[in-house]
Every structure is written in structure tokens, then in C-alpha cells.
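[1] quick one: sequence and predicted model below, then my questions.
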Amino acid sequence: MSGSLLDASAVIGCPHGGRVTPATTPSGGLRIAGAAVATTAHTYVVIGCPHTLDGVPSPCVSVRWTAGATGVTADGAPVLLDTCAAQCFSAALLPQGPPVVQAAQRKVTVR
């Protein structure tokens, strides 16, 4: 799997327009332009998702990432790439679709 490393400043949204942010601030030694590299050890939440089902609010509230077999880790956890599989979930843990990672010029690419 190849792709660009995600960092704490990556612009990520849920499929309905909510904003995905780290619930735990990525820290550690590996940084890109001063921002910590995102890993599977970090928790991500969704803020402001307007999704409804049959008129009942069912917003995305969290994101679960599945890092590929890149073999690249930061602080012992697999790094997240813009190509990693992920799923947004409601509070009832119902899958609601993959997050949207906005394309950005990254200085580090994993191949």
C-alpha cells in the first residue's frame, strides 16, 4: 500500500460534511512540518455531522482506521496514510461511510 502520511493537521471530513478531528492529540517524535504523524493509536471523532435517517438525527461520531501493511510505524503504532481504509460510525456503532481526506501536498510519501 502506498500513499501520503496523514498528520494532525490533515483536513478530514465524514461523508456528510462533518469534521473529523483527533480526540487524542497525536504526539511523539515523528513530525511532518511540525505536525505529529497520525497513527492507529489515536482516536478520531466527528464534529458537526448533519446526517439523518428518516428524519431522525444519526450523525457520525467516530472514525475507525485500518492501517495497511506498510510496515511503517511511529512510536510502535502503524501510521495512517490517505489511502488507508476507514469507516465513520454513528453513536449506535452503525457504519455510515468512509471519511473524506482532502488532497494535499505532503512532503512524505510511503511506498
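    Yep, that arrived.

[2] make it CA atoms for all contacts and neighbour counts henceforth
    Will do.

[3] pLDDT score for residue 4?
    Model confidence at residue 4, given as pLDDT, is 81.

[4] quick one: neighbours of it, just the number.
    19 (other CA atoms under 10 Å).

[5] wait, residue 23 touches residue 41, no?
    No - contact status for residue 23 versus residue 41: not in contact, 11.0 Å apart, counting by CA atoms under 8 Å.

[6] neighbour count: those two, which is higher?
    Between residue 23 and residue 41, counted using other CA under 10 Å, the more crowded position is residue 41 (16 against 12).

[7] can you tell me how far the nearest residue to that one once chain neighbours are set aside sits from residue 59?
    Closest residue in space to residue 41, ignoring its immediate chain neighbours: residue 77 at 6.0 Å, by CA to CA, 6 or more residues apart in numbering. Residue 77 is 28 Å from residue 59, where distance means CA to CA, to the nearest Å.

[8] who's more crowded, these two?
    Using other CA under 10 Å, the more surrounded residue of residue 77 and residue 59 is residue 59, with 23 against 15.

[9] check contacts around the more buried one.
    Residue 59 is in contact with 48, 49, 50, 51, 52, 90, 91, counting by CA atoms under 8 Å, 6 or more residues apart in numbering.

[10] ChimeraX command to pick out the buried ones of those?
    A single ChimeraX command suffices to select whichever of those are buried according to 16 or more other CA atoms under 10 Å:
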select :49,51,90
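
[11] go through the contacts of residue 59 and name the one nearest residue 82.
    residue 49 (20.7 Å; CA to CA).
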